[in-house]
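Undergrad: Mind folding the following:
(one chain, ligands or ions: 1)
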Amino acid sequence: METRRLFYEDSHLTEFTATVTACDAAETGWAVQLDATAFYPEGGGQACDLGTIGAAKVLDVQEKEGKILHFCDQQLEIGQTVTGRIDWDRRFDLMQQHSGEHIVSGIICSRYGFHNVGFHVGSEMMEIDFDGPVPQEELALIEQLANEAVWKNLPIRCWYPSEAELPTVPYRSKKRLEYPVRIVQVPGFDSCACCGVHVKNTGEIGLIKIVSCVKFHSGVRIELTCGRRALKLTQGIFEQNRLVSQAFSAKMMETGTAAQKMNQQLSAEKLRANTLQTQLLRQTARGYENAGNVVHFEENLDSAQLRELTDAIARVCGGRAAVFSGSGESWSICMLHPGGDLSGIISALKEAFPTRGGGKPGTFQGTIQATRQQIEERFAE
Ligand SMILES: [Zn+2]
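TA: Purely as a prediction, here's the structure:
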């Protein structure tokens, strides 16, 4: 006997009674069949419902060869009358996403002739792939039109047209379909072949928020979110913007400009700091004029500055320049001996301490683990 699909009769049915018609051991748990169910099985890009049947937890619902299988964590007695309860928060969220997707896909199809060729509902966002370049500059307009469909609180109609009616119903579909076809219509916005479950009226979607649009194959991938998720996202962004606004002492609607200005200031400050640092390094190097072999320790140099200082010292000292930057027992090292040979001192260092690095003859860059005193003693030998 075929299971009566209560989810198609009433997409807001959260509780129902039914009779268990089969219960077979499955790979995980039990595959339960009922004479009627409000549990939507995964299909058409929409995830399945979860919930409970009697005392059993429903872990997955799949349709196989026309049979709706409720995979449960407990065995149920065949012939038993049971109460099914749908995880409504999950179902309503999925219906909000799916119904919002119809509106956006319908608008893009009618305005630009581009088709929804891929659809995925993630844990946070929904992705729709279109087969043409939806213009970025019109995303705000598309979003506005989609939300106008929500404000109109339009009834969403789902039905199977008769064989005679079907050819007269225009609808979007990825492929040519044979009778029977289930049609979902949002009046004035979308008409589509779809086996999913939807909200009854567009007002239930609450909010449709387009998040991003990037090039994907020959078209675009649009990320969007609807309903409770859209509210949660905007609340999160609003809270972040409030923090930025406080940090920059900028008005909520001027945080972007304030951040750009801060970035420009930061670049100017970095340039100034680099110029001062270079001057300082050169001054340090001048202190080693004709000093012969030099061992120098300096705090907080990045690798470019370390190399720059070593270069500057090597140019004036007339011997080997070894510069260390770091603290405690962990140092970066740069050694230069123009025209000279560093192999002796490098072997001595590697023998005495954990030392890593390499370079060309006369050059060495790497790291060393030893105290400043240990390093100084080794160089003094
Ligand atoms: Zn649908």
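Undergrad: how many other residues sit next to Leu231?
TA: 14 (other C-beta atoms under 10 Å). From N, CA and C alone the C-beta is placed, and that goes for glycine too.
Undergrad: got a list of what Val294 touches?
TA: Residues near Val294 by C-beta atoms under 8 Å, 6 or more residues apart in numbering: Tyr288, Ile313, Cys317, Gly319, Arg320, Ala321, Ala322, Val323.
Undergrad: Most neighbours among these, please name it.
TA: Result: Val323 is most packed of those (other C-beta under 10 Å), 29 neighbours.
Undergrad: That residue in helix, strand or coil?
TA: Under DSSP: H, G, I helix; E, B strand; the rest coil, Val323 falls in the strand class.
Undergrad: Let me know the pLDDT of it.
TA: You'll see Val323 listed with a pLDDT of 97.
Undergrad: got the contact list for it?
TA: By C-beta under 8 Å, 6+ apart, the neighbours of Val323 are Val294, His296, Phe297, Glu298, Leu301, Leu306, Leu309, Thr310, Ile313, Ile333, Cys334, Met335.
Undergrad: how does it look with 6 Å?
TA: His296, Leu306, Leu309, Thr310, Cys334 (C-beta atoms under 6 Å, 6 or more residues apart in numbering).
Undergrad: Mind listing the residues bridging to it?
TA: Going by DSSP bridges, Val323 is paired in beta bridges with His296, Cys334.
Undergrad: What of the one 4 residues further on?
TA: In this structure, Ser327 has the following beta-bridge partners (DSSP bridges): Ser330.
Undergrad: Kindly provide the distance from it to the ion.
TA: Separation of Ser327 from the ion (C-beta to the ion, to the nearest Å) stands at 62 Å.
Undergrad: Over to Lys67?
TA: Distance of Lys67 to the ion, computed by C-beta to the ion: 22 Å.
Undergrad: Near that residue, how many other residues are there?
TA: Counted with other C-beta under 10 Å, residues neighbouring Lys67 total 14.
Undergrad: Phi, psi for it please.
TA: phi -100, psi 140 (degrees, to the nearest 10).
Undergrad: Let's see the pLDDT reported for it.
TA: The model's pLDDT for Lys67 equals 96.
Undergrad: i'd like the first residue to be 24 from this point on
TA: With 24 as the first residue, the last one maps to Lys90.
Undergrad: If I look at the nearest residue to it once chain neighbours are set aside, what pLDDT would I see?
TA: Setting aside the residues directly before and after it, Lys90 is nearest to Gln56 in space (C-beta to C-beta, 6 or more residues apart in numbering), at 6.1 Å. pLDDT recorded at Gln56 is 98.
Undergrad: looking at the sheet around Gln56, what are its partners?
TA: Legend: beta-bridge partners of Gln56 under DSSP bridges are Ala45.
Undergrad: what does the stretch 174-323 of the chain put close to the ion?
TA: Contact residues (C-beta under 5 Å from the ion) of the stretch 174-323 of the chain with the ion: Val207, Cys217, Gly219.
Undergrad: wait, isn't the first one in contact with Cys215?
TA: Yes - assessed by C-beta atoms under 6 Å, Val207 is found in contact with Cys215 at 5.3 Å.
Undergrad: ok, the two, which is more surrounded?
TA: Using other C-beta under 10 Å, the more surrounded residue of Val207 and Cys215 is Val207, with 24 against 20.
Undergrad: For Glu321, grab the count of nearby residues.
TA: Other residues close to Glu321 by other C-beta under 10 Å number 16.
Undergrad: do Gly155 as well
TA: Residues lying near Gly155 (other C-beta under 10 Å) number 15.
Undergrad: So it: helix, strand or coil?
TA: coil.
Undergrad: residues in contact with Leu304?
TA: Applying C-beta under 6 Å, 6+ apart, we find Leu304 in contact with Glu331, Leu332, Ala335.
Undergrad: May I ask which of the residues you listed has the most neighbours?
TA: Highest neighbour count within the contacts of Leu304: Leu332, with 24 neighbours (other C-beta under 10 Å).
Undergrad: what's the spacing between the longest helix belonging to the chain and its chain's center?
TA: When the chain is parsed with DSSP state H, its longest helix is helix 278-309. Centroid separation between helix 278-309 and its chain, computed with C-alpha atoms, centre = their mean, to the nearest Å, is 33 Å.
Undergrad: Thanks a lot, see you next time.
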